[in-house]
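> A structural model of the following input is requested.
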Amino acid sequence: MPELKKRYYLGAIFTDRCPRCREGKVFIKNNAYSKNSTEMHHNCPVCGQPTEIEVGFYYGTGYVSYALSIALLAASFVAWKVLIGVTFSIDDNRIFYWMGISFTLLFALQPVLMRMSRVLWLSWFVTYDPKWKEHPIEQPERIVPEQMNNW
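Have a look, this model is predicted:
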């Protein structure tokens, strides 16, 4: 039997891979900055895992995107404080420079964060199966109307 290639969780998250097989791309377009970049395949092109498990499945990604945004802001603040320094003196404007740069960075990275939050959310509900070819896909409790033709 050929040895299975081990795929790591973070590598699958950062490359927008299916959480079940960690091989198929979740999104139709590879570029996060193209038009309709959050459009997803209904099923994984490799293993067939549905990407929308139930109706309204991705409502929770707003919380994940918010947490990623706060983590980015906190990391940029720590980096700014260590590298440049920040005081809260009335004569020191460095905090405002940090705010301008970090909010611009956050705005620019929003498409990437939205896609990452969707892949993270999906990975918390679909477990990795290195032998996915041998195991059938579990039928979801509720089927999304667009996917009824796929069953």
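> So residue 136 lies in a strand, does it not?
No - counting by DSSP: H, G, I helix; E, B strand; the rest coil, residue 136 falls outside a strand, being coil.
> Which pLDDT value goes with it?
On the pLDDT scale, residue 136 is placed at 82.
> neighbours around it, how many?
Number of residues near residue 136 (other CB atoms under 10 Å) recorded here: 7. Where you see a C-beta, it was placed from the backbone N, CA and C, and this is true even at glycine.
> I'd like the distance between it and residue 54.
Using CB to CB, to the nearest Å, residue 136 is found at 19 Å from residue 54.
> do the same with residue 73
32 Å.
> Between these two, which is the more surrounded one?
Ranked by neighbour count (other CB under 10 Å), residue 73 and residue 54 place residue 73 first, with 16 against 12.
> which residues touch the more buried one?
102, 106 (CB atoms under 8 Å, 6 or more residues apart in numbering).
> any idea how far residue 123 is from it?
23 Å.
> Residue 44 now?
In terms of CB to CB, residue 44 sits 12 Å off from residue 123.
> any idea which helix is longest in this protein?
Taking DSSP state H as the criterion, the chain has its longest helix at helix 61-83.
> by contact count, what packs against whichever helix or strand comes after that helix?
Using DSSP states H and E, the helix or strand that directly follows helix 61-83 along the chain is helix 94-108. When contacts are defined as 3 or more CB pairs under 8 Å, 6 or more residues apart in numbering; DSSP states H and E, helix 94-108 packs onto helix 61-83.
> circling back to that earlier point, just the buried residues of the longest helix of the chain, please?
61, 64-65, 68, 73, 76, 80 (16 or more other CB atoms under 10 Å).
> same question, stretch 127-142
By 16+ other CB under 10 Å, the buried positions in stretch 127-142 come out as 129, 132.
> again with stretch 15-25
16-22, 24-25.
> Find the helix or strand that the residue most central in space within the chain is a member of.
In the chain, the residue lying closest to the centroid (CA atoms, centre = their mean) is residue 116, at 1.6 Å. Per DSSP H and E: residue 116 is located in helix 110-125.
> any idea how far residue 73 lies from residue 43?
For residue 73, the distance to residue 43 - CB to CB - is 35 Å.
> Please name the residues that touch the residue lying farthest from the centre of the chain.
Here the chain reaches farthest from its C-alpha mean at residue 91, the gap being 40.3 Å by CA atoms, centre = their mean. Applying CB under 8 Å, 6+ apart to residue 91 gives no contacts.
> With that, I have no additional questions.
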